[in-house]
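Sequence and predicted structure below; questions after.
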Amino acid sequence: MQPLTGLDSSFLYLEDAHQPMHLGSVLVFEGSMNFQSFRAALPSPGSWKELRGLAARIFSVPLDRSRPLWEMTLVEGLDHIPQVPPGSVAVINKVHHAAIDGLSGADMMGVLLDLTKEPVAVHAPPPRTVAPMPNEFEVLSHTARKIMGKPSEIKRVAGEISDALRAAAKVRDKGVEVPPVPMTAPPTSINRTITGQRIWNTALLDLDRVKAIRKVAGCTLNDVVVAICAGALRRYLDEKNELPEKPLIAMIPVSTRGADERGKMGNKVSAMFLDIATDVADPVERLNVIKAHTQGGKAFEKAGATRAFVDLWDFVPFGLANRVLRLYSRFRVSEMHNPVFNVDMYMAGHKLLATMGMAPLVDGMGLLITVLSYNGVLSISPTSSPAVMPDLDVFTRNLREAANELEAALLPHRQPDTEATLLPTVVA
């Protein structure tokens with residue numbers, strides 16, 4: 001048994017009844033399946049509308065801390081979803097954020113899924129001795145030893161941060177734009193206090209078409225995805241006469257996981273704050289602004305501070321960590337993850353048709369967008385609260401319209417993508 005790191009435990013401190021801190025996913029499989037888990041059946045007619053409603057209800061419920069902090073629900077009755085064979089199933093997963101980040105979650109899914117239709121033989125692991133749960137005295141002893149060892153660790157981390165800040169200053173002196181400062185985003189209706197109820201949806205885009213935009217624009221795939229989300233946010237707020245003059249700021253997670261840490265659980269992630277140019281009307285100009293901002297953000301990230309700041313969480317007292325996280329969360333707008341599977345995957349011989357993600361909300365950050373790609377399909381999945389975005393379907397439709405707008409501006413010979421590759425964006 002291993003103690004949680006400061007960053008891992010922060011997700012436990014932040015959690016309460018209306019802020020469950022789990023990551024989630026919805027996986028759609030071809031054909032019926034049977035394994036031991038929670039089970040549910042979609043009500044008639046078994047369409048995408050019923051599936052997303054059930055997923056939202058499951059995502060609304062915090063994990064039971066008296067049990068292992070993960071949960072799988074097998075959903076039957078997917079009978080009326082286009083291009084999904086009737087009788088297919090979905091698996092809705094939840095894992096606490098204290099245990100995984102986006103990249104370790106992708107690694108975990110790689111263990112659950114096979115690359116071939118023939119299931120890989122799995123042998124029982126050898127018996128192992130598990131240390132008993134420590135009592136209060138043992139926990140205090142461990143804490144005391146950790147505190148005694150902190151002076152040297154604090155000196156090491158402080159030195160790393162000092163070196164990184166000096167390197168960042170040199171980057172700034174070269175004329176690279178400084179990333180936006182946290183807590184400077186303009187207020188919008190998305191920054192309201194959330195409730196415990198969740199709403200969830202997804203837009204599925206043809207990955208090759210998104211890559212074509214990237215190629216013409218000379219930017220990264222993530223730049224295009226951010227521009228699509230920014231375009232959808234601009235449309236959504238403009239239609240409500242709430243579009244601020246200043247651009248919104250997105251918090252983009254940045255993995256600090258080294259090559260030797262792949263396959264391990266826990267969180268190794270920092271953040272890059274990004275001006276997403278919602279004040280720019282032209283979609284191509286907006287993409288170019290985002291491209292410039294991400295290049296500046298990456299230059300500062302390479303200066304080396306991200307991993308050192310992650311290490312700082314081990315020195316924050318748990319009571320203070322709770323307050324810091326709640327204050328910090330009030331100024332975030334959106335967050336994105338992007339693990340990738342681009343080959344056919346199977347579970348127990350059943351082909352995976354689609355994969356969509358979910359991540360937790362906190363007060364003041366009422367919209368979180370999770371991005372996954374699988375086998376030629378890009379899923380952009382917004383999660384919100386009815387108290388913040390009761391019309392999340394409108395925003396989801398805006399995602400597709402923003403993608404079509406950007407494609408039309410850069411590739412005018414292409415026909416708009418009016419239908420999703422596997423699932424409809426919105427079913428009324």
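It's in.

Which of the helices or strands spans residue 76?
Assigned by DSSP states H and E, residue 76 belongs to strand 70-78.

taking the mean pLDDT, what do you get for that strand?
For strand 70-78, the per-residue pLDDT values average out at 95.

Show me what that strand is packed against.
Taking 3 or more CB pairs under 8 Å, 6 or more residues apart in numbering; DSSP states H and E as contact, the helices and strands that strand 70-78 lies on are strand 38-41, helix 48-60, strand 88-96. The C-beta positions use only the backbone N, C-alpha and C, and glycine is treated the same way.

Look up the closest residue to residue 91, ignoring the ones flanking it.
Spatial nearest neighbour of residue 91, excluding adjacent residues (CB to CB, 6 or more residues apart in numbering): residue 27 at 4.7 Å.

Looks like the one you found contacts residue 352 (just checking).
Yes. Residue 27 is within contact range of residue 352, at 6.0 Å (criterion: CB atoms under 8 Å).

residues making contact with whichever strand or helix holds the residue nearest to residue 91?
Assigned by DSSP H and E, residue 27 belongs to strand 22-29. Residues from elsewhere that reach strand 22-29, judged by CB atoms under 8 Å, 6 or more residues apart in numbering: 51, 55, 58-59, 62-63, 69, 78, 81, 84, 88-97, 100, 102, 105, 109, 202, 347, 350-360, 372, 422-423.

Which residue ranges of this protein form strands?
Using DSSP state E, the strands of the chain run over residues 22-29, 38-41, 70-78, 88-96, 199-200, 203-206, 249-255, 269-275, 340-341, 346-347, 350-358, 367-374, 377-384.

Could you point out which of the ones you listed sits nearest residue 214?
strand 377-384 (11.3 Å; CB to CB).

which helices and strands sit right next to the closest one?
strand 199-200, strand 203-206, helix 207-217, helix 221-239, strand 350-358, strand 367-374, helix 392-410.

Tell me the spatial nearest neighbour of residue 405, not counting adjacent residues.
residue 283 (5.1 Å).

Looks like that neighbour contacts residue 406 (just checking).
Yes. If you go by CB under 8 Å, residue 283 and residue 406 touch, sitting 4.6 Å apart.

quick one: common contacting residues for these two?
By CB under 8 Å, 6+ apart, the residues touching both residue 283 and residue 406 are 227, 231.

Neighbour count: the two, which is higher?
residue 283 (24 against 21; other CB atoms under 10 Å).

Next one: the more buried one relative to residue 202, how far apart?
Remark: distance between residue 283 and residue 202 (CB to CB, to the nearest Å) = 22 Å.

which residues does the residue nearest to residue 405 contact?
227, 231, 402, 405-406, 409.

Against residue 74, how distant is the residue lying closest to residue 281 once chain neighbours are set aside?
The shortest distance from residue 281 to any non-neighbouring residue, by CB to CB, 6+ apart, is to residue 234 (7.8 Å). Distance from residue 234 to residue 74, counting by CB to CB: 39 Å.
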